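Enquirer: Here is the input, now give the coordinates:
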Amino acid sequence: MGRILDRLKDIAKFFADFNRGFFEGARENSIRVIKKDAFDANDYFILLCFSDFLGIPSPASYYTLELLPYMAKELEGWEIRMDDKKDILSEQFEKYHFH
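Expert: Reported below is the predicted structural model:
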């Protein structure tokens, strides 16, 4: 009888570990996707406000320059990320598996 109880405890522990690992893996993947989307949204906002830094004319650049003192730290990394991106639209299409 003791062997059966030990075996049932081992099976219950296996399913508990499997369940925990499955949901932790799904959570990590979700966190990664959400962080990437948040960085992309931030990049698009900065691109909309300060596109003239990249040579894209923006009619609202006069008004968005008021945001410059608040966003100066983010602009350094943003310019590097924008230089590294090959094409913004192709990255978005690849995210949804459009080739």
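Enquirer: Burial check on Ile46, number of neighbours?
Expert: For Ile46, the neighbour count with other CB atoms under 10 Å is 21. From N, CA and C alone the C-beta is placed, and that goes for glycine too.
Enquirer: mind checking pLDDT for it?
Expert: Ile46 is assigned 84 on the pLDDT scale.
Enquirer: Next: Glu91.
Expert: The predicted structure scores Glu91 at 68 on the pLDDT scale.
Enquirer: where's Lys13 relative to Gly2, distance?
Expert: Lys13 sits at a distance of 16 Å from Gly2 (criterion: CB to CB, to the nearest Å).
Enquirer: neighbour-wise, which of those two wins?
Expert: In this comparison of Lys13 against Gly2, neighbours counted by other CB under 10 Å, the higher total goes to Lys13 at 10 against 6.
Enquirer: C-terminal to the helix or strand where that one lies, what's the next element?
Expert: Remark: Lys13 resides in helix 2-49, with elements defined by DSSP states H and E. With elements assigned by DSSP H and E, the helix or strand that comes after helix 2-49 is helix 61-64.
Enquirer: Of all the residues in that following helix, which ones are buried?
Expert: In terms of neighbour count (16 or more other CB atoms under 10 Å), helix 61-64 has its buried residues at Thr64.
Enquirer: Counting by contacts, list what it packs against.
Expert: In this structure, helix 61-64 makes packing contacts with no helix or strand, judged by 3 or more CB pairs under 8 Å, 6 or more residues apart in numbering; DSSP states H and E.
Enquirer: at 10 Å instead, please
Expert: Using 3 or more CB pairs under 10 Å, 6 or more residues apart in numbering; DSSP states H and E as the contact test, the elements touching helix 61-64 are helix 2-49.
Enquirer: tell me the pLDDT at the residue nearest the centre of the chain?
Expert: Closest to where the C-alpha atoms of the chain average out (CA atoms, centre = their mean) is Lys36, at 1.0 Å. Note on Lys36: pLDDT of 84.
Enquirer: got it, and Asp87?
Expert: Model confidence at Asp87, expressed as pLDDT, equals 66.
Enquirer: What of Pro59?
Expert: Value for Pro59, per-residue pLDDT: 80.
Enquirer: Now do the same contact list for it.
Expert: Taking CB atoms under 10 Å, 6 or more residues apart in numbering as the contact definition, Pro59 lies against Asp52.
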